[in-house]
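# attaching a predicted model along with its sequence, questions to come.
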Amino acid sequence: QVPLVESGGGLVQAGGSLRLSCTASGRAYSDYAMAWFRQAPGREREFVATIDWSGGNKYYEDSVKGRFTISRDDAKNTVYLHMNNLKPEDTAAYYCAAGGGGITDSDYAYWGQGTQVTVSS
C-alpha cells in the first residue's frame, strides 16, 4: 500500500494561486509515477498532470498547460501541483495518484482522498 494524503486546497479568487501537496508513505514511492486528477460536480474524473519516477518527464492536460506545474521531492515523499492563474472552471476535487504512469484512472493503483479547490469569479 502507498497511502496518499493531499493538502493545500481551498477557496481562491480567479487569477490566484494555490499549491497542492500529496505526501506518500511507503518505501516504494520513489519507484512510482505520480499524477493529479480532478473531478468537478456532475462530471467524470479527469487527468490533470503526471510526473515520472525520475521527475524528468512531465505531461499536462491541455487546459492547464502554462498555468500548472507538477513537481516531486522524493526526500520528502511529496508531489506538488503548483496552480497559477486559476479559473472558475478549475473548481473541483483534486486527487493524487501513484502508479505506472499515464493519463487514465486505470494507470494508477493508489489514490488519495482528495482536496477541494474552489475558484470564485
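Yep, that arrived.
# averaged pLDDT, the host helix or strand of residue 34. What do you get?
Residue 34 is part of strand 33-39, with elements assigned from DSSP states H and E. The predicted model gives strand 33-39 an average pLDDT of 97.
# counting by contacts, list what it packs against.
strand 18-24, strand 46-51, strand 68-73, strand 78-83, strand 92-99 (3 or more Cβ pairs under 8 Å, 6 or more residues apart in numbering; DSSP states H and E). Every C-beta, even on glycine, is put in place using the N, C-alpha and C of the backbone.
# out of those, nearest to residue 57?
strand 46-51 (7.1 Å; Cβ to Cβ).
# report the central residue of the chain.
With distances taken as Cα atoms, centre = their mean, the chain has residue 36 as the residue nearest its mean C-alpha position (2.5 Å).
# that one contacts residue 46, correct?
No - the criterion here is Cβ atoms under 8 Å, and residue 36 misses it with residue 46 at 10.2 Å.
# low-confidence stretches in this structure?
Scanning the chain for pLDDT under 70 picks out 1-2, 26-28.
# for the helices and strands packed on strand 33-39, which one sits closest to residue 120?
With respect to residue 120, and counting by Cβ to Cβ, the nearest of the helices and strands packed on strand 33-39 is strand 18-24 at 12.6 Å.
# let me have the helices and strands packed on strand 33-39 in a markdown table, extended by mean neighbour count.
As requested, the helices and strands packed on strand 33-39 are arranged in a markdown table below (neighbours: other Cβ atoms under 10 Å):
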| stretch | mean neighbour count |
| --- | --- |
| strand 18-24 | 20 |
| strand 46-51 | 22 |
| strand 68-73 | 18 |
| strand 78-83 | 22 |
| strand 92-99 | 23 |
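# can I get those strands in TSV including distance to residue 61?
Formatted as TSV, the entries for the helices and strands packed on strand 33-39 read as follows, by distance: least, Cβ to Cβ, whole Å:
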stretch	distance to residue 61
strand 18-24	15
strand 46-51	5
strand 68-73	8
strand 78-83	12
strand 92-99	12
